[in-house]
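K.L.:
Provide a 3D model corresponding to the input given below.
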Amino acid sequence: MEFFRIRRDIPFMKHALLLNAISTLTFVLAVFFLVTRGLHLSVEFTGGTVMEVAYEQPADLESVRKVVESLGYAEVPVQNFGSSRDVLLRLPAQEGKTSGQQSEELFAALKAQTPAVQLQRTEFVGPQVGQELVNNGLLALGLVIAGIMIYLAIRFEWKYAVSAIIANLHDVVIILGFFAFFQWEFSLAVLAAVLAVLGYSVNESVVIFDRIRESFRKHRKMTPVQVIDHAITSTISRTIITHGSTQIMVLSMLLFGGPTLYYFALALTIGICFGIYSSVFVAAAIAMWLGIRREDLIKPAKTPGDPDDPNGGAVV
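P.N.:
Next up, the predicted model:
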């Protein structure tokens, strides 16, 4: 399905050098902020106290959040757990206070606001568990990247695998750079969004690479640059439909999902925007600079008498 069709190919690769220079600068800045500021890790990674409280009526999360903030906790996740009457809170560790003191202080403040509130459970997440989550998260990220490279190398050719994975890492590092610069909380939900962006971005690259392969077959007189421009132009309508629909859903979570889904949706929003850009201007441009050719994807047909043909070109 196409909303519109562009009759003349847009010369995307004509501006590839300038746009990739901008991408390189953005990437370097993201790495700089990651090194100098670091990520603002959530309780799951750093350790802290997890509390679950229950109300007789559906809980007013905004009121609970104000009580938490009044005790000096900024950006603490406050969310429903199981039902609208159960609330889950994750408190970061505070210097000079034990986990028990933190939970008692917060529960007393919540009880002063709503006397009927009940404490269901309280748990301490130690730094050892947090370190294990960090290691497992990095392992998951590495396995996803390795899987993508193997898949692209098998389906296309190593030049496409290299260009696509560079574009994907470009997206991931820029997302992390945003979180480091603004010191947004990096939680397990955000890590899940980063992994989702990896798959989402590689899907866009695969669509463009598929169209490049198809264009090499159909337009034998085109140069590789012309083929790439034609492939990207012919997928624009599909890109607008797919990414527009996805972005509407993600924006609805960002605007109406509340604090629980806010950073998850924010990471997806950044990733989708940069995923479209990187698939067109980073992945395709790097593939072009690596010297992709028609022969990389389409093996030349054997001719009669060809010494490389074990049958000598004869019909068997």
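K.L.:
buried ones in the helix or strand hosting residue 44?
P.N.:
Counting by DSSP states H and E, the element that carries residue 44 is helix 43-46. Buried residues in helix 43-46, counted by 16 or more other C-beta atoms under 10 Å: 43, 44, 45, 46. Any C-beta I mention is one placed from the backbone N, CA and C, and that applies to glycine too.
K.L.:
need the contact list for the second one.
P.N.:
Under the criterion of C-beta atoms under 8 Å, 6 or more residues apart in numbering, the contact list for residue 44 reads 90, 125, 130, 133, 187, 188.
K.L.:
which one in these is the model shakiest on?
P.N.:
Least confident entry in these, by pLDDT: residue 130, with 63.
K.L.:
now, which of the contacts of residue 44 lie within strands?
P.N.:
Cross-referencing the contacts of residue 44 against strands under DSSP state E gives 90, 125.
K.L.:
secondary structure class for residue 84?
P.N.:
The three-state assignment at residue 84 reads strand, by DSSP: H, G, I helix; E, B strand; the rest coil.
K.L.:
hang on, it packs against residue 59?
P.N.:
Yes: under the contact definition of C-beta atoms under 8 Å, residue 84 touches residue 59, with a separation of 6.6 Å.
K.L.:
who's more crowded, these two?
P.N.:
Taking other C-beta atoms under 10 Å, residue 84 and residue 59 do not tie; residue 59 has more neighbours (23 against 12).
K.L.:
okay, the more buried one: pLDDT?
P.N.:
88.
K.L.:
quickly find the element holding the spatially closest residue to residue 97 that is not a sequence neighbour.
P.N.:
Leaving aside its chain neighbours, residue 97 sits nearest to residue 105 (7.8 Å; criterion: C-beta to C-beta, 6 or more residues apart in numbering). Using DSSP H and E, the element containing residue 105 is helix 99-113.
K.L.:
and that helix, what's buried?
P.N.:
So, applying 16+ other C-beta under 10 Å, buried residues of helix 99-113: 99, 102, 103, 106, 107, 110.
K.L.:
could I get these as CSV with distance to residue 239 and pLDDT?
P.N.:
Output for the buried residues of helix 99-113, formatted as CSV (distance: C-beta to C-beta, whole Å; pLDDT from 0 to 100):
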residue, distance to residue 239, pLDDT
99, 49, 81
102, 48, 87
103, 49, 88
106, 47, 90
107, 51, 90
110, 48, 91
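K.L.:
where does the prediction get shaky in the protein?
P.N.:
1-4, 126-130, 296-316 (pLDDT under 70).
K.L.:
residue 117 and residue 109: what is the separation?
P.N.:
10 Å (C-beta to C-beta, to the nearest Å).
K.L.:
whoops, residue 100 was the one
P.N.:
In terms of C-beta to C-beta, residue 100 sits 15 Å off from residue 109.
K.L.:
what of residue 291?
P.N.:
65 Å.
K.L.:
so where do the strands sit in the stretch 1-150 of the chain?
P.N.:
For the stretch 1-150 of the chain, the strands defined by DSSP state E, counting those that start in this stretch cover 40-41, 48-54, 78-81, 83-92, 118-125.
K.L.:
tell me which of those is the most buried.
P.N.:
Per residue and on average, the most neighbours among the strands of the stretch 1-150 of the chain fall to strand 48-54, with a mean of 21 (mean count of other C-beta atoms under 10 Å).
K.L.:
name the helices or strands packed onto it?
P.N.:
strand 83-92, helix 99-113, strand 118-125 (3 or more C-beta pairs under 8 Å, 6 or more residues apart in numbering; DSSP states H and E).
K.L.:
ok, residue 179 - contacts?
P.N.:
By C-beta under 8 Å, 6+ apart, residue 179 lies in contact with 39, 40, 186, 190, 263, 267.
K.L.:
switch to 7 Å and redo it
P.N.:
39, 186, 190 (C-beta atoms under 7 Å, 6 or more residues apart in numbering).
K.L.:
list the buried ones in whichever strand or helix holds it?
P.N.:
Secondary-structure assignment from DSSP H and E places residue 179 in helix 158-182. Judged by neighbour count using 16+ other C-beta under 10 Å, the buried positions of helix 158-182 are 159-165, 167-180.
K.L.:
in a markdown table, list the buried residues of helix 99-113 along with distance to residue 28.
P.N.:
Shown next, in a markdown table, are these (distance: C-beta to C-beta, whole Å):
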| residue | distance to residue 28 |
| --- | --- |
| 99 | 40 |
| 102 | 40 |
| 103 | 43 |
| 106 | 42 |
| 107 | 47 |
| 110 | 46 |
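K.L.:
circling back: dump the contacts of residue 44 to a markdown table, plus distance to residue 248.
P.N.:
Putting those into a markdown table (distance: C-beta to C-beta, whole Å) gives the following:
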| residue | distance to residue 248 |
| --- | --- |
| 90 | 30 |
| 125 | 36 |
| 130 | 35 |
| 133 | 32 |
| 187 | 24 |
| 188 | 25 |
